[in-house]
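Student: I'd like to go over a predicted model; first the sequence, then the structure.
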Amino acid sequence: MDTSSQNNLLYRSSKYYLLLPSYFWVIVFFILPLILLFTISFASKQTYGGYEINFHLDNYARAIDPIYLKIAIRTFFYSITTTIFCFLLGYPIAYYISFTDGFKKVVLMFLILLPFWTNFLIRVYSWNTILGSYGLINSSLISLGVIDTPFDLLNNYISVNIGLLYGELPYMVLPIVASIDRIDRSILEASSDLGASKYYTFFNVTLPLSMPGIISGVVFVLIPTLGQFVIPDLLGGNDSFMIGNIITNQFIVVRDWPFGSTLSVYMMGFVMIPLYLYLRYSKLSLNSVIS
Amino acid sequence: MSRKNDLKFGRGKSVILLTIVGFIFLYTPIIVLIIYSFNYSRFSSTWGGWSLQWYYKLFDDSSMWLAIKNSLLIGIVSTIFATILGTMSALVIKRFVFKTKTLFTNLLFVPIVIPEIVLGILLLLLYNLIKLELGLTSIILAHITFSIPFVTLVVLNNLKNFDSTIEEVGMDLGATPWQIFWKITFPNISTGILAGALLAFTLSIEDFTITFFTSGPGATTLPLKIYSMIKFGITPEINAISTLLVLFTTIILGVMYFILNKQEKKILT
């Protein structure tokens, strides 16, 4: 055998060297814990914070108790309103940016990317400086003599929704800019040459063609919002808790891991089933949503 | 798109208005935060004059320095491993056909689309099962796990423009797979690998949720430190560290933009 075909064999066999480490990683750090999560979700809590595996459905029944159901519904409500507001505010920004060019576009993209790359906690916390008892709004109103004692603008559903919108907005804008950028400008020109108004062109050409970006944006806003716990934790009160807060509480404070696992299984179902169905229905792959 | 927007698409009054509102919404909190960080007064309700005292306090805080050190250590180690594993996965996905390819690819990318909190809990359950003590190691392993798919994605994107027949030519001319990688593949996709590594590093430095579930006592990262500062008593020090981080992000992003712009020009000319 000459060196060339020997190397050819080596090259083909490199498949296994390249594949094995990642496969091992996916199995150990993802598949195994996933099996573990399902198993523990059917387990019982032990007094000292551990769990005993004795398959039963008590946790699943407990999770649909009205107390938790109410929080689940609230989580959905918050996620949907956040997605809608992100779209309503994000699309015009993306549309505007996509139709600029040169230095102006570089600057605007930079201004969208900066909050995107800035630490999430800081972005959430920054609303304290606006809404807090010593924040911009209260201190302005006090110094103007409108009020004597500060309003409690934090710790309610409005502050949580503002935080969610603020946190997720860049995730909506970026994929939409990318998808409008990809639209061939001559199509839009043709539309207007054939007598369509800008309004008509937008709703019949631009908007449908930017659909892939909208879908990615919706996925990227909806999923993190459904799993959110930091924003209600920092900007909300007891009446604005989301499922994420309950899960965190079960794992960190109450130490009821089986129930926490059950709630996590529910949450994964809420996220993965619609995503899977959508991908199947639209014949898209996970790859195309992500990139 | 370098084409001139002669027809003035996206220049309606309502689009311009909403864009302005959007940018005001995005920047007001950040700007107010930066101004307050220079406020002498402890309470932001009163303006006590310009001062750097919160920055001095920050520099004297040894726990802050420890958190920064931990974050950098975790970021560097996890980036190295995630970049190697992510690049390997990308190469195998691009080069070969194998039975479980679709399954493998989908499983690899699932960590990107499941909520972070669930991934954090999955890893916590795993560490508890294998009795791995929560600390720097557990955080590093967690960060490698969530960074791999992002690196794979970026490198895979870069590989799209790479003609793999060059690899086959190298092979026919007698190069070993190792030589092929370092002499042919790597120089061609080094930009993608670098971009993937930068992404992995940024994700690691920024991550709060997954770190929150996989960290133990004595292994505080910068985001965890900031969280506890916000949670247990808001002090103006948070405004100061936030301002520094915004400045840091601006510089890093500016440099990345500069490099990318230069490269694009190189490709064009």
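Tutor: Arrived safely. Residues are numbered from 1 along each chain as shown, chains lettered A, B, ... in the order given.
Student: and stretch B:94-102 with chain A, contact?
Tutor: Yes - against chain A, stretch B:94-102 shows contacts by Cβ under 8 Å from any Cβ of the partner chain at B:95-96, B:98. Quick note: C-beta positions are derived from backbone N, CA and C, even for glycine.
Student: wait, isn't residue A:44 in contact with residue A:56?
Tutor: Yes - using Cβ atoms under 8 Å as the test, residue A:44 is close enough to residue A:56 to be in contact (7.2 Å).
Student: so for these two, which sits in the more crowded spot?
Tutor: The neighbour comparison of residue A:44 against residue A:56 (other Cβ atoms under 10 Å in any protein chain shown) goes to residue A:44, with 17 against 12.
Student: what's the more buried one in contact with, if anything?
Tutor: The neighbours of residue A:44, taking Cβ atoms under 8 Å, 6 or more residues apart in numbering or on different chains as the test, are A:51-52, A:54, A:56, A:58, A:258.
Student: one more: residue B:31?
Tutor: The contact partners of residue B:31, taken as Cβ under 8 Å, 6+ apart, number zero.
Student: tell me which element it is part of?
Tutor: Using DSSP states H and E, residue B:31 maps to helix B:13-37.
Student: and that helix, how far out from the chain middle?
Tutor: Put simply, helix B:13-37 sits 24 Å off its chain's centre (Cα atoms, centre = their mean, to the nearest Å).
Student: same thing with stretch A:256-274?
Tutor: 16 Å.
Student: buried residues, that stretch. List them.
Tutor: Using 16 or more other Cβ atoms under 10 Å in any protein chain shown as the test for burial, stretch A:256-274 gives A:256-268, A:270-272.
Student: pLDDT-wise, what's the bottom of those residues?
Tutor: Lowest pLDDT within the buried residues of stretch A:256-274 is found at residue A:272 (82).
Student: for that one, which non-adjacent residue is spatially closest?
Tutor: Spatial nearest neighbour of residue A:272, excluding adjacent residues (Cβ to Cβ, 6 or more residues apart in numbering or on different chains): residue B:114 at 7.1 Å.
Student: gap between that neighbour and residue B:56?
Tutor: Using Cβ to Cβ, to the nearest Å, one gets 43 Å for the distance from residue B:114 to residue B:56.
Student: tell me which of these two has more neighbours.
Tutor: Neighbour totals were compared for residue B:114 and residue B:56, and residue B:114 leads with 21 against 11 (other Cβ under 10 Å).
Student: sorry, back to before: mind putting the contacts of residue A:44 into JSON lines with distance to residue A:135?
Tutor: Shown next, in JSON lines, are the contacts of residue A:44 (distance: Cβ to Cβ, whole Å):
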{"residue": "A:51", "distance to residue A:135": "43"}
{"residue": "A:52", "distance to residue A:135": "48"}
{"residue": "A:54", "distance to residue A:135": "51"}
{"residue": "A:56", "distance to residue A:135": "49"}
{"residue": "A:58", "distance to residue A:135": "45"}
{"residue": "A:258", "distance to residue A:135": "41"}
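Student: now, which of those sits nearest chain B?
Tutor: Using Cβ to the nearest Cβ, residue A:51 is the member of the contacts of residue A:44 that lies nearest chain B, at 9.4 Å.
Student: isn't that closest one up against residue A:40?
Tutor: Yes - applying Cβ under 8 Å, one finds residue A:51 in contact with residue A:40, separated by 5.7 Å.
Student: which of these two has more neighbours?
Tutor: Neighbour count, other Cβ under 10 Å: between residue A:51 and residue A:40, residue A:40 has more, with 24 against 21.
Student: state the pLDDT value of that one.
Tutor: pLDDT for residue A:40: 93.
Student: what sits against it?
Tutor: With contact taken as Cβ under 8 Å, 6+ apart, residue A:40 is in contact with A:51, A:53, A:257-258, A:261, B:125.
Student: and if we set it to 6 Å?
Tutor: By Cβ atoms under 6 Å, 6 or more residues apart in numbering or on different chains, residue A:40 lies in contact with A:51, A:258, A:261.
Student: is it possible to get JSON lines of the residues you listed that adds distance to residue B:193 and secondary structure?
Tutor: Formatted as JSON lines, these follow (distance: Cβ to Cβ, whole Å; DSSP: H, G, I helix; E, B strand; the rest coil):
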{"residue": "A:51", "distance to residue B:193": "42", "secondary structure": "strand"}
{"residue": "A:258", "distance to residue B:193": "42", "secondary structure": "helix"}
{"residue": "A:261", "distance to residue B:193": "37", "secondary structure": "helix"}
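Student: out of the residues of stretch B:94-102 next to chain A, which comes closest to chain A?
Tutor: Once Cβ to the nearest Cβ is applied, the member of these that ends up nearest chain A is residue B:96, at 4.6 Å.
Student: correct me, but that closest one touches residue A:15?
Tutor: Yes - assessed by Cβ atoms under 6 Å, residue B:96 is found in contact with residue A:15 at 4.6 Å.
Student: point me to the residue of chain B nearest chain A.
Tutor: For chain B, Cβ to the nearest Cβ, closest residue to chain A: residue B:115, 2.4 Å.
Student: shouldn't that residue be in contact with residue A:228?
Tutor: No - counting by Cβ under 6 Å, residue B:115 does not reach residue A:228; the two are 8.0 Å apart.
Student: picking up where we left off before, which one (most neighbours) among the residues of stretch B:94-102 next to chain A?
Tutor: Among those, residue B:95 has the most neighbours (other Cβ under 10 Å), with 16 neighbours.
Student: what number of residues lie near the residue lying closest to that residue once chain neighbours are set aside?
Tutor: Ranked by Cβ to Cβ, 6+ apart and with sequence neighbours excluded, the top spatial neighbour of residue B:95 is residue B:164, at 6.5 Å. Residue B:164 is flanked by 14 other residues according to other Cβ under 10 Å.
Student: next, residue B:164: phi, psi?
Tutor: When read as degrees, to the nearest 10, the backbone of residue B:164 gives phi -80, psi 0.
Student: please tell me how far it sits from residue B:217.
Tutor: Distance from residue B:164 to residue B:217, by Cβ to Cβ: 49 Å.
Student: do the same with residue A:133
Tutor: From residue A:133 over to residue B:217 the distance is 32 Å, taken as Cβ to Cβ.
Student: same question, residue B:96
Tutor: According to Cβ to Cβ, residue B:96 and residue B:217 sit 45 Å apart.
Student: ok, now residue B:151?
Tutor: Separation of residue B:151 from residue B:217 (Cβ to Cβ): 30 Å.
Student: what's the answer for residue A:33, then?
Tutor: On the measure of Cβ to Cβ, residue A:33 and residue B:217 end up 22 Å apart.
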